[in-house]
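**Q** predicted structure and sequence below. I'll ask about it afterward.
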Amino acid sequence: MQLNANQITQFLEEQLKSMDFKPNTVGVGTIVSIGDGVSQVSGLNDVKMGEMVEFPGDTYGMAINLAQDTVGCILFSQGKHLKEGDTVKSTGRIMEVPVGPELTGRVVNALGQPIDGKGPITSKKFRPIENKAEGVIYRKSVGVPLQTGIKAIDAMIPVGRGQRELIIGDRQLGKTAIAIDTIINQKGKNVHCFYVAIGQKQSTVAGVVRKLEQTGAMEYTTVVSTSASDPASLNFIAPYTGCAMAEEVMYNGEDALIVYDDLSKHAWAYREVALLLRRPPGREAYPGDIFYLHSRLLERASRLAESLGGGSMTALPIIETQANDVSAYIPTNVISITDGQIYLESELFYSGKRPAVNPGISVSRVGGSAQLPVMKKVSGRLRLDYAQFRTLESFAQIGSDLDPQTKAAIDRGQRVTEVLKQPQYRPLSAAQQIEIIYALNNGMLDNIAVADVQNFEAKLHDFMKAKYKNLEEALTVASKFTEELENQLKNAITEFKEGFKQ
């Protein structure tokens, strides 16, 4: 078909009217100085705090220092090819990472990129790594237990969904072990888990992932990992990356558990970045906003009100102390932010009492409201008996010149200590914990030799699982420890004890 000049002109005019000629503006700046993973850039007048900026050679960074004439940026790679005078562009995007179910079972870096060799992540949804925590009126009180599977914690220092419970102690005392056991224990409980390894050795993280795979826990877990060789900037943003991923679960009305391992290294990374950006040093060379660094991260963990879906995010931050000093700067900061702490003591650890939890210093500010009703009832005396034994323990080594009351307290304390011992990677169900703690607190272990207590416990669990499975389920779901339920439990343990051979 032939078109004349008028028809062609009319067609072109219609096409031009339908086109959008809105200009696409991009902020452009220049590198003033660069080195040690940070850069000072001039000219980015409209850049926002936390905005991603693009450097030459597909290198990205984030603006975190907005001065009058320059912008301080951290680099997410070494950036050895960059030099003064290079052009920097703003992206208009606040730093964000992929979120959603596509990350379940994967190991990613602080940018949300896969590092497990299992192919790309196809998530189409992103969340900013920084987000304002919900106010008090949009939260509800913590009242649903999050079982760790560890007797010493579930019985004496209970953790609830939406709580922030600090795990604190010197290095190599089992802090990570408690967190990993808690993740393993969430199997079948519809809790999405996130493990954030900050500045850890790659071999250590690989060992954790391997254990999670062996126990089937990687099916509901995402690992965010930065190694000690990564730039400080990646160690700095790693916990915020994990928090954004866990927030997606919480705002979908589901329950999430996130472990920050550990926030001491996070503080070190931030101190390095802050000092390179010439922020004034304060106590122990940390900048003045170090408290805000962790508070704005941990305050995001909560249990949301029903109007926001009723989801929860439980945080287990880990802090490493030096020579049991909980009064140092970073430990006291995080203690004041969290809802309690699980304190691990080197003296207990090296004497074979593992997990080395010290219930005298450890505390849960949520308390019994985060415990199963039956567990709350049967564990009432446990902390008192254990604390009394710790006070009298030195007398046990003196000899036999003890009055009957003191001797009875020491005998009971020795059995409490044996019951609270628990091997790593073997979390127990709530019913199993209730069974042995009930037997302990009601004197049913008093005539069992201390050396046979752990054998008694192992065989009791096998016996109850084989013969009284319905009773175990009842102990877990019961809203009250009724007299009938107590009699059933007492009779079952008595029946087992009659056939138990020491």
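**A** Right, received. Where do you want to start?
**Q** give the buried residues for stretch 285-294.
**A** Neighbour counts over stretch 285-294 (16 or more other C-beta atoms under 10 Å) mark 286-287, 290-291, 293-294 as buried. All C-beta spots, glycine's among them, are computed from the backbone N, C-alpha and C.
**Q** quick check: end-to-end length of it?
**A** Its first and final residues considered, stretch 285-294 spans 16 Å by C-alpha to C-alpha, to the nearest Å.
**Q** just the residues contacting that stretch, thanks.
**A** With C-beta atoms under 8 Å, 6 or more residues apart in numbering as the test, stretch 285-294 has contacts from 263, 266-267, 270-271, 274-275, 279-282, 317, 329-330, 333-334, 337.
**Q** just the C-alpha atoms of the helix or strand of the chain with the lowest mean pLDDT, please, in PDB.
**A** Here the helix or strand of the chain ranked lowest by mean pLDDT, DSSP states H and E is helix 5-18, holding a mean of 77. Only the C-alpha atoms of helix 5-18 are listed here, as PDB (Å, rounded to 0.1, in the frame of the first residue of the first chain):
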ATOM      1  CA  ALA A   5       3.500  12.500   2.400                       C
ATOM      2  CA  ASN A   6       0.500  13.700   4.500                       C
ATOM      3  CA  GLN A   7      -0.200  10.200   5.800                       C
ATOM      4  CA  ILE A   8       3.400   9.700   6.700                       C
ATOM      5  CA  THR A   9       3.500  13.100   8.500                       C
ATOM      6  CA  GLN A  10       0.300  12.300  10.400                       C
ATOM      7  CA  PHE A  11       1.600   8.900  11.500                       C
ATOM      8  CA  LEU A  12       4.900  10.400  12.700                       C
ATOM      9  CA  GLU A  13       3.100  13.100  14.700                       C
ATOM     10  CA  GLU A  14       0.900  10.500  16.500                       C
ATOM     11  CA  GLN A  15       4.000   8.400  17.400                       C
ATOM     12  CA  LEU A  16       5.800  11.500  18.800                       C
ATOM     13  CA  LYS A  17       2.800  12.500  20.900                       C
ATOM     14  CA  SER A  18       2.700   9.000  22.500                       C
END
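**Q** show the contacting residues for Gly309.
**A** So Gly309 contacts 250-253 (C-beta under 8 Å, 6+ apart).
**Q** got a pLDDT number for it?
**A** pLDDT recorded at Gly309 is 95.
**Q** next: Pro23.
**A** Reported pLDDT for Pro23: 66.
**Q** so where's the stretch 251-400 of the chain uncertain?
**A** 395-400 (pLDDT under 70).
**Q** what ranges does it have for its strands?
**A** 255-261, 312-320, 340-343, 363-364 (DSSP state E, counting those that start in this stretch).
**Q** can you name every helix or strand that the second one contacts?
**A** Put plainly, it is strand 312-320. strand 166-169, helix 175-184, helix 232-251, strand 255-261, helix 263-276, helix 290-298, helix 329-337 (3 or more C-beta pairs under 8 Å, 6 or more residues apart in numbering; DSSP states H and E).
**Q** got the CA coordinates for the host helix or strand of Cys73 in CSV?
**A** Assigned by DSSP states H and E, Cys73 falls within strand 70-75. The C-alpha trace of strand 70-75 is given here as CSV (Å, rounded to 0.1, in the frame of the first residue of the first chain):
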residue,chain,number,x,y,z
THR,A,70,32.1,15.4,50.1
VAL,A,71,30.4,12.1,50.5
GLY,A,72,32.1,9.2,52.3
CYS,A,73,31.5,5.9,50.6
ILE,A,74,32.4,2.3,51.5
LEU,A,75,33.4,-0.1,48.7
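**Q** can you give the strand pairings for it, parallel or anti for each?
**A** strand 38-42 (antiparallel), strand 59-66 (antiparallel) (DSSP bridges).
**Q** restricted to buried residues, select the contacts of stretch 285-294 in PyMOL.
**A** Restricted to buried positions by 16+ other C-beta under 10 Å, the PyMOL selection for the contacts of stretch 285-294 reads:
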select buried, resi 263+266+267+270+271+274+275+279+317+330+333+334+337
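**Q** on that earlier part again, Phe456 is nearest to which of the strands paired with strand 70-75?
**A** strand 59-66 (56.6 Å; C-beta to C-beta).
**Q** how about that closest one: buried residues?
**A** 59-65.
**Q** and for stretch 364-378?
**A** For stretch 364-378, by 16+ other C-beta under 10 Å, it's 364, 366, 370-372, 374-378.
**Q** put the alpha carbons of it into CSV.
**A** What follows is stretch 364-378, C-alpha atoms only, in CSV (Å, rounded to 0.1, in the frame of the first residue of the first chain):
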residue,chain,number,x,y,z
SER,A,364,15.4,-13.8,80.4
ARG,A,365,13.5,-10.6,80.9
VAL,A,366,10.5,-12.3,79.2
GLY,A,367,10.5,-15.1,81.9
GLY,A,368,7.8,-17.7,82.3
SER,A,369,5.5,-16.1,79.7
ALA,A,370,7.8,-17.7,77.1
GLN,A,371,7.6,-21.2,78.6
LEU,A,372,5.3,-24.1,78.0
PRO,A,373,2.8,-24.3,80.9
VAL,A,374,4.0,-27.8,82.0
MET,A,375,7.7,-26.8,81.7
LYS,A,376,7.0,-23.7,83.8
LYS,A,377,5.4,-25.9,86.5
VAL,A,378,8.0,-28.6,86.7
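**Q** returning to what we had before: may I see the strands paired with strand 70-75 arranged in a markdown table, with mean pLDDT and distance to Ala177 as well?
**A** Listed next are the strands paired with strand 70-75 as a markdown table, based on pLDDT from 0 to 100; distance: least, C-beta to C-beta, whole Å:
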| stretch | mean pLDDT | distance to Ala177 |
| --- | --- | --- |
| strand 38-42 | 95 | 36 |
| strand 59-66 | 94 | 34 |
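**Q** out of the ones you listed, which is closest to Gly360?
**A** Across the strands paired with strand 70-75, closest to Gly360 is strand 59-66 (C-beta to C-beta), at 40.6 Å.
**Q** so what's the gap between the closest one and the chain middle?
**A** 27 Å (C-alpha atoms, centre = their mean, to the nearest Å).
**Q** could you break this structure into its assigned domains?
**A** Domain assignment for the chain by automatic domain parsing gives 28-93, 98-371, 377-499.
**Q** how long is the shortest one end to end?
**A** When you say that, I think you mean domain 28-93. Termini of domain 28-93 sit 14 Å apart (C-alpha to C-alpha).
**Q** also the last one?
**A** Distances were taken as C-alpha to C-alpha; on that basis the terminal residues of domain 377-499 are 27 Å apart.
**Q** for that domain, the distance to its chain's centre please.
**A** Counting by C-alpha atoms, centre = their mean, domain 377-499 comes out at 30 Å from the chain centroid.
**Q** and which of the buried residues of stretch 285-294 is nearest Ser42?
**A** Distances from Ser42 to the buried residues of stretch 285-294, taken by C-beta to C-beta, are shortest for Pro287, at 22.6 Å.
**Q** please identify the deepest-packed of the domains of the chain.
**A** Comparing the domains of the chain by mean neighbour count (mean count of other C-beta atoms under 10 Å), domain 98-371 comes out on top with a mean of 20.
**Q** about what we covered before: closest to Leu344 among the buried residues of strand 59-66?
**A** Ile64 (33.4 Å).
**Q** still on that earlier bit, widest-spaced pair of the buried residues of stretch 285-294?
**A** Pro287 and His294 (12.8 Å).
**Q** contacts only, for Val144.
**A** 160-162, 303, 312, 370 are the contacts of Val144 under C-beta under 8 Å, 6+ apart.
**Q** leaving out chain neighbours, which residue sits closest to Gly199?
**A** Leaving aside its chain neighbours, Gly199 sits nearest to Lys265 (3.9 Å; criterion: C-beta to C-beta, 6 or more residues apart in numbering).
**Q** thanks a lot, see you next time.
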